[in-house]
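Colleague: sequence and predicted structure, then a few things I'm wondering about:
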Amino acid sequence: MTLSLIGNPVKHSLSPRMHNLALKKLGYHGFYSRYLLFDGEKLACTFKQLKLNGANITVPFKEDAFRQCDEIQGIAKDIGSVNTIVKKDEKLIGYNTDAKGFILAIEDFLPLHSALVIGAGGTAKAISYALKEQGVRVSIVNRSAKRLDGFKKAGFECFVHDDFKFNSWDMIANTTSAGLEDGSLPLPKSLLEPILAQASYAFDVIYHKETAFLNECKKAKLSYKNGKDMLLYQGALALELFLQNKYDAKMLSKLMEESFTL
Ligand code: NDP
């Protein structure tokens, strides 16, 4: 079994470690590598040239993957992006495991009535559609307007910082990379503080560190999670697909978990 992560950049990703550890524990002869791609148009032909059985696709190529797969399954059709490709009968089948990975990660917060998603990129899309599928009322706030168009067309309530209207949401989810490299917040503090005061839960997609956003959530006494479990579950769900559903994703996630401490 030959698997790979395809994206740009790929060098800091934990995915190879997670998948290789699980494959080893299961006794599979297989290897999960990483491939630095420069031209998204060449995604499908690169997959074929590398003779891969499956791949995970990361930034900035998830939409290219959606366009180039022969068939799209599940919620990826709504989201318009693919993070997992499986080869079946010479066809490339595309899935999005970020969405269900997120839902598994926030299982303790469910059921939710409403959520505010900060950011409007690919991860915001996966999270928003996953929540909508659970019957959650979802609003989106982004610093600029351009990426909100698709969300508006899909019926989500949308704001930019300047026209933001206060409301009460059960969960606030940060999907931006604000705070990844520095101490910045994804929303101005004057907007963030009052919405955190009304919320019960918070989630941040960033998984390497406790961000300034999560520190604010802690101060506001919310229950919160960082993106580590989402990363773990999206990987376990992808491996479940690579191994043709022979193993359950929750069991696979247990095999992968140790890779965070290696
Ligand atoms: P995109 O580039 O598609 O979107 C980024 C979004 O964040 C945009 O809406 C952008 O706004 C906004 N943004 C970026 N910087 C700031 C800032 N300083 N302040 C406010 N808004 C900002 O990125 P992705 O959605 O692909 O990825 C986002 C993050 O999610 C990354 O950090 C990635 O590592 C993480 N991630 C985590 C996963 C996990 O499993 N835990 C899975 C996938 C991703 P604008 O439109 O105005 O530019």
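Modeller: Structure received.
Colleague: how close does the residue of the chain found nearest the ligand sit to residue 107?
Modeller: In the chain, the residue that lies nearest the ligand is residue 121 (1.9 Å; CB to the nearest ligand atom). C-beta here means a position set from N, CA and C on the backbone, and glycine is covered the same way. Separation of residue 121 from residue 107 (CB to CB, to the nearest Å) stands at 24 Å.
Colleague: neighbour count for those two, which is higher?
Modeller: Higher neighbour count among residue 121 and residue 107: residue 121, with 17 against 9, using other CB atoms under 10 Å.
Colleague: so the more buried one touches residue 176, yeah?
Modeller: Yes. Using CB atoms under 8 Å, residue 121 is in contact with residue 176, at 7.4 Å.
Colleague: can you list the residue ranges for strands in the stretch 1-150 of the chain?
Modeller: Assigned strands in the stretch 1-150 of the chain, in chain order: 2-7, 31-36, 54-57, 71-72, 84-88, 91-95, 114-118, 137-142 (criterion: DSSP state E, counting those that start in this stretch).
Colleague: with just CA atoms, put the fifth one into PDB.
Modeller: Pointing back at strand 84-88 there. What follows is strand 84-88, C-alpha atoms only, in PDB (Å, rounded to 0.1, in the frame of the first residue of the first chain):
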ATOM      1  CA  THR A  84      -8.700  12.300   0.900                       C
ATOM      2  CA  ILE A  85      -8.400  10.500  -2.400                       C
ATOM      3  CA  VAL A  86      -8.700   6.700  -2.700                       C
ATOM      4  CA  LYS A  87      -8.000   4.800  -5.900                       C
ATOM      5  CA  LYS A  88     -10.700   2.300  -6.800                       C
END
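Colleague: what's in contact with it?
Modeller: By CB atoms under 8 Å, 6 or more residues apart in numbering, the surrounding residues in contact with strand 84-88 are 47, 52-57, 65, 69, 92-97, 237-238, 241-242.
Colleague: many thanks, we can stop here.
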